[in-house]
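# This is the structure alone, sequence omitted:
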């Protein structure tokens, strides 16, 4: 389907037809006659022209596309230094290549607003919905008790007073398998990260915590975390697979990068009262 005709409210590939070939389902594009074993293959190989072999698309490659789209959907403006530190392993060259490619592919577009220089295109929105719904089991085992695309676009971004916004995030996220939340830990105001474990009874457990001297400082940090909800899954993987210390280092690096003062208008976190 021509990109300009894609409905951004529907997952990419909704026009394909499923049929059985040699006992296995395949996705057929009736306009071109092409056949694909999965929606992700149709998108990666057919639409984007990547990878000519018969293997499935590398999950980590599509995860990066998913992460960029999710970040731009959640936060219209993202400072380049923060994004480089968080998504691109500190490489501005890597970020530039990926962005040039996604612009050329039509998943991202330019905005005339100097404060919001990059927008997700209608096809990009459609691709985000598909990639979010078809993540490999190893990466989406926390679904369906994880955030949805609607959550990503709404929770914690409303016009309410700050405390009500943060409380809404906590009320919504407490059912997710990855969740940052506030609590008193050993008598000190803290932010903790809970993550559902594996096993026959996959219980939630605290995998990371950070204590503060005051509730104001804790809430300022929690607001910064909530604004970046699109990164919760990736950050939880660091705590789960590496260590709490590694996650603390990662968050400190990303936060330091986000404080570089070249944004025309500060994000909500930066407008907080630090007195």
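Yes, it's here. A quick note: this is a predicted structure, and the numbers were derived from the prediction, not measured. Residues are numbered from 1 along each chain as shown.
# switch to C-alpha atoms for all contacts and neighbour counts from now on
Noted.
# Give me the average confidence score over stretch 239-256.
The pLDDT scores in stretch 239-256 average 89.
# Okay, buried residues for that stretch please.
239, 240, 244, 247, 248, 250, 251, 253, 254, 255 (16 or more other CA atoms under 10 Å).
# And the furthest pair within these?
The two members of those with the most space between them (CA to CA) are 240 and 255, at 20.4 Å.
# Let me see the contact set for the residue sitting nearest the centre point of the chain.
Nearest to the geometric centre of the chain sits residue 230, at 3.5 Å (CA atoms, centre = their mean). Residue 230 is in contact with 67, 70, 71, 74, 152, counting by CA atoms under 8 Å, 6 or more residues apart in numbering.
# Also residue 181?
Residue 181 neighbours (CA under 8 Å, 6+ apart): 170, 174, 191, 192, 193, 222.
# Check residue 87 too.
Counting by CA under 8 Å, 6+ apart, the residues that residue 87 touches are 64, 67, 68.
# now that we have those, which one has the most neighbours?
residue 68 (21 neighbours; other CA atoms under 10 Å).
# That one and residue 203, how far apart?
Going from residue 68 to residue 203 by CA to CA, to the nearest Å gives 30 Å.
# for residue 88, same thing?
From residue 88 over to residue 203 (counting by CA to CA), the distance is 32 Å.
# Which one's more surrounded, these two?
residue 88 (17 against 12).
# so which helix or strand takes in the nearest residue in space to that one that is not next to it in sequence?
Of all residues not flanking residue 88 in the chain, residue 95 sits nearest, at 6.0 Å (CA to CA, 6 or more residues apart in numbering). Residue 95 is part of helix 92-105, with elements assigned from DSSP states H and E.
# Against which helices or strands is that helix packed?
Under the contact definition 3 or more CA pairs under 8 Å, 6 or more residues apart in numbering; DSSP states H and E, helix 92-105 sits against strand 108-110.
# Format the contacts of residue 230 as JSON lines; extra columns: pLDDT and distance to residue 124.
Below are the contacts of residue 230 laid out as JSON lines (pLDDT from 0 to 100; distance: CA to CA, whole Å):
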{"residue": "67", "pLDDT": "92", "distance to residue 124": "12"}
{"residue": "70", "pLDDT": "92", "distance to residue 124": "10"}
{"residue": "71", "pLDDT": "91", "distance to residue 124": "12"}
{"residue": "74", "pLDDT": "88", "distance to residue 124": "13"}
{"residue": "152", "pLDDT": "80", "distance to residue 124": "15"}
